[in-house]
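S.K.: whatever this is, show me its structure:
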Amino acid sequence: MWLQGLLFYLQIKNERLAKRRENFIQPTVTIENLYTKMKLNYLSFFIIFYLFTQPTYGQTGHVLNGSGARSFGMAGVGTGYATNPSTALTWSPAAISKLPSSLEISTSLITLSPRNYAELDLSLLDSRLPLGSILAGNLEDDSKPTFLPTLSYIYNPDSRWSFGLTAAGIGGFGVDYQSSESSPVSLLFGDVKSQYRLFQISLTTAYEINDKLSIGFTPTFNWASLELAPISTAVPMIVNGQVVYPSDDKTTSMGYGFHAGLFYDNNEDLSLGLTYKSRQYFEDFEYSTRDGLGNLARTPLDYPMIISVGGAYKGLKDLVLAVEARMINFSSTPGLGGRGFGSDLAVKGFGWDDAYFLGFGVEYFLSEPFIIRGGYSYNTNPVDEELSFFSTAAPALVQHAASLGSTYTVNDFLEISIGYHHGFKGTVEGPIITPSPEGGQSIPSLVRSSLATQVLSIDLTMFL
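M.R.: So this is what the prediction gives:
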């Protein structure tokens, strides 16, 4: 009911504004009246976002390929073809100079299906057992589907300057593997649980250099929560000759970074975008429990730098073809790129390599109120098979994805979009690696992890 009321209020407001424009001339934009408007709009933005996200905040995954229904509906393509607030503010900050003042409310239902299978000859751990004493079994994930809300706002006055604000969950990972008597992973570690959530607020400013080229800059402010069980990044305790890592409830950290980009549109049939997203720098996640040295347990974990370039060709009748490429710098990111165990037996990271993304999207203007779209994407797998054991708690395995979506224009004020994104099952396997000061020791064994993902996203875009 509250949503219907909000839409009715905004529709009435739009009709009144239309009548005023008939006898109203846009005043010259000054710094004073510009920032007065921005303050009022930002206050409304935060109130609406708080009410909207309180019941539903939470997400799983790592670097999301898309943001909102339009982006997800084109397999994440958006740097060179950003036609709505959430896509532009997330992947192409300079592109907001080409968009009208608008508010977009988006929510995405994200479902992940991780699975872990392991097998081990127990005689390798206990010489009293005969060779061939195989323990093998699956771990099933017990985590629930989650909602990812996004709220995006663009203010585009009659000047070369444009401004935007977005608040969204942009990444994370998580599994909830309950202990199983048949799984070697449970034998070594018991329950395995992880939950990482990253929430970001970004403030975007874009400047239109000329009628074809714009530049954008976005400082970003981040809040993240992390739960690891066991906390393998901490120095373990040695209990009866066994390595035991501490466990604790979730903890939080704050971080910062920036985005910068260029956007070119010849206003006819071609658009191009280039965006640099800096590494998001976080303080170490600090737990309340102690490690094996008596210090507070810590986990270093930043968010990776991303470079993206994309373009779109709009010269065909009612058809747009778009492409995008990205490089995600996992290998240099604390907590993600570190490999193996340290000399203190603390895990240095997941051992991920850099990932490279290539996406293709198509959009077709079916009729005046309807647009349909689709896409396909491929990315390299950052998980090294020899080190895949370290990614048990954070399987980043999807490489192929396909998507579909549509937009319906209700009137001059409102558009509704829906998008579905399916990440096909990806699998990686490697050996169990036991702690040692030399970086770890692999033993004859097998750990196979798999992951599939589904995203269903809905946007309401309101033109102000």
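S.K.: give the buried residues for the lengthiest strand in the chain.
M.R.: Longest strand of the chain, by residue count under DSSP state E: strand 441-463. Buried residues in strand 441-463, counted by 16 or more other CB atoms under 10 Å: 445, 447, 449-453, 455-457, 459-463. (Each C-beta comes from the backbone N, C-alpha and C, glycine too.)
S.K.: cool, and stretch 136-148?
M.R.: By neighbour count with 16+ other CB under 10 Å, stretch 136-148 contains the buried residues 137, 139, 141, 143, 146, 148.
S.K.: dump it to PDB, restricted to CA.
M.R.: Output of stretch 136-148 as PDB, limited to C-alpha atoms (Å, rounded to 0.1, in the frame of the first residue of the first chain):
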ATOM      1  CA  ALA A 136      33.700 -39.200   1.200                       C
ATOM      2  CA  GLY A 137      30.700 -37.000   1.300                       C
ATOM      3  CA  ASN A 138      28.900 -33.800   0.400                       C
ATOM      4  CA  LEU A 139      28.300 -30.600   2.300                       C
ATOM      5  CA  GLU A 140      25.000 -28.900   1.500                       C
ATOM      6  CA  ASP A 141      24.500 -25.200   1.900                       C
ATOM      7  CA  ASP A 142      21.900 -24.000   4.400                       C
ATOM      8  CA  SER A 143      21.800 -20.300   3.500                       C
ATOM      9  CA  LYS A 144      18.600 -18.600   2.400                       C
ATOM     10  CA  PRO A 145      17.900 -16.400  -0.700                       C
ATOM     11  CA  THR A 146      18.500 -12.800   0.100                       C
ATOM     12  CA  PHE A 147      17.300  -9.400  -1.200                       C
ATOM     13  CA  LEU A 148      19.700  -6.700  -2.500                       C
END
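S.K.: relative to its centroid, which residue of this structure is most remote?
M.R.: Here the centre of the chain is the reference, and by CA atoms, centre = their mean the most remote residue is residue 128, at 48.1 Å.
S.K.: re the thing from before, which ones among the buried residues of stretch 136-148 map onto strands?
M.R.: Those of the buried residues of stretch 136-148 lying in strands (DSSP E): 137, 139, 146, 148.
S.K.: would you format the residues you listed as CSV with distance to residue 433 and pLDDT included?
M.R.: As requested, those are exported to CSV (distance: CB to CB, whole Å; pLDDT from 0 to 100):
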residue, distance to residue 433, pLDDT
137, 19, 89
139, 17, 89
146, 30, 84
148, 33, 85
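S.K.: what is the nearest of the buried residues of strand 441-463 to residue 160?
M.R.: When the buried residues of strand 441-463 are compared for distance to residue 160 (CB to CB), residue 463 comes out closest, at 20.5 Å.
S.K.: right, and residue 460 touches residue 414 too?
M.R.: Yes - contact criterion CB atoms under 8 Å: residue 460 and residue 414 qualify, at 7.0 Å.
S.K.: what pairs with the helix or strand hosting residue 378, parallel or antiparallel?
M.R.: Using DSSP states H and E, residue 378 sits in strand 370-379. In the sheet, strand 370-379 lines up against strand 355-364 (antiparallel), strand 400-409 (antiparallel) (DSSP bridges).
S.K.: redo those as a markdown table? Include distance to residue 67.
M.R.: Listed next are the strands paired with strand 370-379 as a markdown table, based on distance: least, CB to CB, whole Å:
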| stretch | distance to residue 67 |
| --- | --- |
| strand 355-364 | 13 |
| strand 400-409 | 13 |
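S.K.: how near is the residue farthest from the centre of the chain to residue 122?
M.R.: From residue 128 across to residue 122, the span is 10 Å (CB to CB, to the nearest Å).
S.K.: that older thread, what's the most distant pair in the buried residues of stretch 136-148?
M.R.: With CB to CB as the measure, no two of these lie farther apart than 137 and 148, at 32.1 Å.
S.K.: sorry, back to before: out of the buried residues of stretch 136-148, who's nearest residue 382?
M.R.: For the buried residues of stretch 136-148, the nearest to residue 382 is residue 141 (20.1 Å; CB to CB).
S.K.: ok, the closest residue to residue 190 other than its chain neighbours - contacts?
M.R.: Sequence neighbours aside, residue 179 is the residue nearest to residue 190 in space, at 5.2 Å (criterion: CB to CB, 6 or more residues apart in numbering). Shown in contact with residue 179 (CB atoms under 8 Å, 6 or more residues apart in numbering): 186, 190-191.
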